[in-house]
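Q: mind folding the following:
(2 chains)
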Protein chains: 2
Amino acid sequence: MKNNALYLRIAKIIEEQINNETFRLGDKLPSLRTIQRIHNVSINTVKQAYLELESKSLIESRTRSGYFVSKSSKRKFSLPSVSSLQSSAVQKDPVDLIDKVFGSLKKANITQLSLGVPSPSLLPIAKLNKSLIKTVQTLEDGGTSYEPAQGSSNLRRTISKWSMVFGGGITADDLVTTSGTMNAIFNCLLAVTKPGDTMAVEIPVYFGTIQIAKSLGLNVIEIPSHPITGINLDVLKDNILKIDVCCFTTNFSNPLGCLMPDANKKELVKLLTKHNIPLIEDDLYGNLFFGTDRPKPCKVFDEEGIVMWCSSVSKTLAPGYRVGWVAPGKYKDKIIRQKLLQTISTPLLYQEVIADFMENGRYEHHLRSFRKRLYTNCLHFQRSVEEYFPDNTKISQPQGGFVLWLELDERVDTAQLYDTAMLSNISFAPGRMFTLQNRYNNCMRLNFAQEWDDKMNNDLKLLGEIVKNSI
Amino acid sequence: MKNNALYLRIAKIIEEQINNETFRLGDKLPSLRTIQRIHNVSINTVKQAYLELESKSLIESRTRSGYFVSKSSKRKFSLPSVSSLQSSAVQKDPVDLIDKVFGSLKKANITQLSLGVPSPSLLPIAKLNKSLIKTVQTLEDGGTSYEPAQGSSNLRRTISKWSMVFGGGITADDLVTTSGTMNAIFNCLLAVTKPGDTMAVEIPVYFGTIQIAKSLGLNVIEIPSHPITGINLDVLKDNILKIDVCCFTTNFSNPLGCLMPDANKKELVKLLTKHNIPLIEDDLYGNLFFGTDRPKPCKVFDEEGIVMWCSSVSKTLAPGYRVGWVAPGKYKDKIIRQKLLQTISTPLLYQEVIADFMENGRYEHHLRSFRKRLYTNCLHFQRSVEEYFPDNTKISQPQGGFVLWLELDERVDTAQLYDTAMLSNISFAPGRMFTLQNRYNNCMRLNFAQEWDDKMNNDLKLLGEIVKNSI
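A: Predicted coordinates:
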């Protein structure tokens, strides 16, 4: 999955030079011919590299003067703070807030920065429809029959091939398909916990995970997460005896966007294996990396089968298809039974469409352009926030995925701010949704898997003004 | 939904005369002209009526002699026994047996009498595919977006119209769509119970229901059910204080096929309302009636919103589509939250296809011929069993649905018999699957939603011989 195009390598080199301030804001860049000589490439390759940098708004061309660094990628805003460990018994569920935000999903004309799904305009819908119509005709009994609860063997085989990208070694028989990642996690929790058990999560955490936990009568312990490297393993270690199950998003957590280094993943799996604690690994953003390689999931380091690797195409291709899967390690039989009990089987059609899409390279093709788009959008969003939001705003530095986490002035209450912003038809996810504790009241999550245009820039400007006015 | 065709009314009258032995096996029936005079109808109408009776194998024509009663519909075998109340703490889960039976589902060349789904050959698959391809093109964003958790508004509106058939008064807003009926029941149980609660079910009971209950840590109390009228209300009343939730199949229970009379349904709802006990009403067979009218669900008598009416198209149209719904009364908000937690939404496509099918009369059209086929098959199966099985066999008299319940000689162990029958490529559902107690070991369930042909008749003959040899 390495991207070896020459122009991209050159663009990367120049981007790094901008990042480390070899070239600063306003600097003129070397001429096309100079770059051509240095790298011994064609003039067209250099042009493509400059176009690439321009598309990310890193440089701009001025008529008859050449190219200039248009924005410093030196970050003006610092990273969000690391939270403390909290697991007090008196937790307050932000359920009313979540209901309110979800209640606005289908309103028209809203700039929808709250939801954790990509804008449909970024998805290959026509190609999916084509694949779907083709697939309908091939299904035995038109898909009216129940499938075995383990799920489509075509899809499982294709995912197992795909897992080679990160050195997976996951076989088709290791996998069980589910109705999206949430459903995979739900099944995992039903399979390995009982009411009263304690689940550890990274914090801030995707609200769906803790909502499921509460609905199943689980206690939640919120483990601090560093905005770059994720879960603090020392804190986890200190609390390991209280924990019955872990549920972590190891690659590009939601909302912080952090990525656990491989060494940490290895250590995590070793620690949990020692204590026989199942790890539900929520890897639904793993394919949306901004770096050069698909990061490994913990599953790769799992020798005893304690890791239940969960993923889907909900963040990358088709949220509404509800196609997900889990490689549940030693808990596989329990997961299959859970699925059988809850819904007997999942519809075959969409599973086959995804298998077809993966098998024929269309998924990989889509991912390549989608990732590029997301990274560019991330830079756009970060810059607009740095330009329009108050100076003491803190902002996450995601290494993949498509959400930004903002920590605002302590006086800001983003739950209140939400109502104000909605008057201007802008929706975001208030920070309080991402914890069971009384914190993150001054935070917000923004979804940047959107069309980037003047309207979006203006809406971020407007949101920045609303924030300023609220202090 | 009354079937007013003249020829059917005349056929019905003659069928009743055969049933009450006005005409006995071998009797010659009145000539076409006689019937024509009596009922003052055309000769063609009488011919149609006789063809109808012939298609049910009730009469046969002999060349140049007229029509004769070919089989007595006087039942040779009596009804299954009514079970005693049992809810002992030491229950034994028949989970290994269930796994074994389900494990054989995909084996080729098996006469599949075990599964509770109709044979694909009885389903309008080509028409469904056509509707599906039409629908794909109309979906906003090709169905890639999440739908609101309550589910397709088109489907909910169509079901609410449809509910007028039984005087429903269910509105689109009363409904929540689910991933099949099992998933509706699962959601209902999650919404209204906590581990340690006690659920009442009719007995014998569909194994899926008690499996869900066990997985959620519920106790199960098995209420005796009369093979014709269903739940014994007196026993229920005597135990009402022990019960936290009821889950009953009021119309054509599985496996007994009994139908609660309206008076009993009213009384049941009144009793449960008084004690504020939610009733999960599993009405997935309601449209498969052999009588003249669609039986009412308890929901019709529900004034306080305690009834959670669950249904689907899994038994009537397309099991694999996983399209079901629930009208959860006062528990609606809880159900929507459960669905959101478990899977966010269900795929829109199949919901829209079913809405289209219902809206355009294709569902009703299919149901009319499907019901007729099922009733005829029921007679065929009953007769073959009476012909080939031992004389002390007891057999249910379903009034709808598509399963038969057989009670065999006490010495027969149908779990063992299952292995023997599978050697001859015949699969049935052993009785022990339908209880948590140690009973029904001499019972079996047969699915008659199959092509009726010589092979099927021979397989029933073979099964009868296997039973005889095991005594």
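Q: going forward, measure contacts and count neighbours with C-alpha atoms only.
A: Noted.
Q: now do the SS call for residue A:48.
A: Three-state assignment for residue A:48 (DSSP: H, G, I helix; E, B strand; the rest coil): helix.
Q: wait, residue A:471 touches residue A:411, no?
A: Yes - counting by CA atoms under 8 Å, residue A:471 does reach residue A:411; the two are 6.2 Å apart.
Q: hey, which strand is longest across chain A?
A: strand A:219-226 (DSSP state E).
Q: can you mark which positions in it are buried?
A: A:219, A:220, A:221, A:222, A:223, A:224, A:225, A:226 (16 or more other CA atoms under 10 Å in any protein chain shown).
Q: can you narrow those residues to ones near chain B?
A: For chain B, no contacts are drawn from these by CA under 8 Å from any CA of the partner chain.
Q: turn those into a markdown table, including distance to residue A:455 and pLDDT.
A: Shown next, in a markdown table, are these (distance: CA to CA, whole Å; pLDDT from 0 to 100):
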| residue | distance to residue A:455 | pLDDT |
| --- | --- | --- |
| A:219 | 43 | 94 |
| A:220 | 40 | 94 |
| A:221 | 40 | 95 |
| A:222 | 37 | 93 |
| A:223 | 38 | 95 |
| A:224 | 36 | 93 |
| A:225 | 34 | 91 |
| A:226 | 33 | 90 |
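Q: would TSV of those residues with distance to residue B:253 be doable?
A: As requested, these are exported to TSV (distance: CA to CA, whole Å):
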residue	distance to residue B:253
A:219	39
A:220	41
A:221	45
A:222	47
A:223	49
A:224	52
A:225	52
A:226	56
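Q: and which of those is nearest residue B:24?
A: residue A:219 (70.1 Å; CA to CA).
Q: residue contacts, the spatially most central residue of chain A?
A: Nearest to the mean C-alpha position of chain A, counting by CA atoms, centre = their mean, stands residue A:401 at 3.3 Å. Taking CA atoms under 8 Å, 6 or more residues apart in numbering or on different chains, we find residue A:401 in contact with A:252, A:257, A:285, A:286, A:288, A:289, A:374.
Q: could you do residue A:388 as well?
A: A:460, A:461, A:464, A:465.
Q: quick one: buried ones out of those residues?
A: For the contacts of residue A:388, buried by 16+ other CA under 10 Å: A:460, A:461, A:464.
Q: just these: which are in helices?
A: The members of the buried ones among the contacts of residue A:388 that map onto helices under DSSP state H are A:460, A:461, A:464.
Q: I'd say the first one and residue A:384 touch.
A: Yes - the pair formed by residue A:460 and residue A:384 meets the contact definition of CA under 8 Å, at 6.6 Å.
Q: show me chain A divided up by domain.
A: Structural domains annotated on chain A: A:6-69, A:95-122+A:364-469, A:137-363, as defined by automatic domain parsing.
Q: so which residues on the stretch 301-450 of chain A come close to chain B?
A: Counting by CA under 8 Å from any CA, the stretch 301-450 of chain A sits next to chain B at A:317-322, A:341-348.
Q: farthest pair within the residues you listed?
A: A:317 and A:341, at 28.0 Å, using CA to CA across those.
Q: in the stretch 1-150 of chain A, which spans are helices?
A: Using DSSP state H, counting those that start in this stretch, the helices of the stretch 1-150 of chain A run over A:6-19, A:32-39, A:43-55, A:95-103, A:125-136.
Q: who does the first one touch, helix- and strand-wise?
A: On a contact count with 3 or more CA pairs under 8 Å, 6 or more residues apart in numbering or on different chains; DSSP states H and E, helix A:6-19 meets helix A:43-55.
Q: buried residues in the helix it packs on?
A: A:45, A:46, A:47, A:48, A:49, A:50, A:51, A:52, A:53, A:54.
Q: one more: stretch A:205-217?
A: Neighbour count says stretch A:205-217 has A:205, A:206, A:207, A:208, A:209, A:210, A:211, A:212, A:213, A:214, A:216, A:217 buried, by 16+ other CA under 10 Å.
Q: quick one: residues contacting the fifth one.
A: Just to be clear, that refers to residue A:209. Counting by CA under 8 Å, 6+ apart, residue A:209 has contacts A:182, A:185.
Q: over to the second one?
A: Residues in contact with residue A:206, defined by CA under 8 Å, 6+ apart, are A:254, A:255, A:434.
Q: could I get those residues as JSON lines with neighbour count and secondary structure?
A: As requested, the contacts of residue A:206 are exported to JSON lines (neighbours: other CA atoms under 10 Å in any protein chain shown; DSSP: H, G, I helix; E, B strand; the rest coil):
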{"residue": "A:254", "neighbour count": "28", "secondary structure": "coil"}
{"residue": "A:255", "neighbour count": "29", "secondary structure": "coil"}
{"residue": "A:434", "neighbour count": "28", "secondary structure": "helix"}
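Q: with respect to chain B, which of the residues you listed is nearest?
A: For the contacts of residue A:206, the residue nearest chain B by CA to the nearest CA is residue A:434; the value is 14.6 Å.
Q: return the residues in contact with that closest one.
A: Contacts of residue A:434 (CA under 8 Å, 6+ apart): A:203, A:204, A:205, A:206, A:207, A:255, A:440.
Q: need the pLDDT of the closest residue to the second one other than its chain neighbours.
A: Leaving aside its chain neighbours, residue A:204 sits nearest to residue A:434 (5.3 Å; criterion: CA to CA, 6 or more residues apart in numbering or on different chains). At residue A:434 the predicted local confidence, pLDDT, stands at 95.
Q: report the separation between residue A:434 and residue A:79.
A: As for residue A:434, its distance to residue A:79 is 17 Å (criterion: CA to CA, to the nearest Å).
Q: OK, contacts around the nearest residue to residue A:463 once chain neighbours are set aside?
A: Nearest non-adjacent residue to residue A:463, counting by CA to CA, 6+ apart: residue A:421, 6.8 Å away. Contacts for residue A:421 (CA under 8 Å, 6+ apart) come out as A:427, A:463, A:466.
Q: what does residue A:315 give?
A: A:116, A:117, A:118, A:284, A:285.
Q: repeat for residue A:47
A: By CA under 8 Å, 6+ apart, the residues touching residue A:47 are residue A:32.
Q: can you list the residues of the stretch 151-300 of chain A near chain B?
A: Residues of the stretch 151-300 of chain A lying close to chain B by CA under 8 Å from any CA are A:179, A:180, A:181, A:182, A:183, A:186, A:195, A:208, A:211, A:212.
Q: quick check: closest non-adjacent residue to the first one.
A: Closest residue to residue A:179 in three dimensions, ignoring its sequence neighbours and counting by CA to CA, 6+ apart: residue A:322, at 4.8 Å.
Q: measure the one you found to residue B:34 for me?
A: 63 Å.
Q: of those two, who's got more company?
A: Set residue A:322 next to residue B:34 and count neighbours by other CA atoms under 10 Å in any protein chain shown: residue A:322 wins out with 29 against 13.
Q: and that one, how close does it get to residue A:206?
A: 18 Å.
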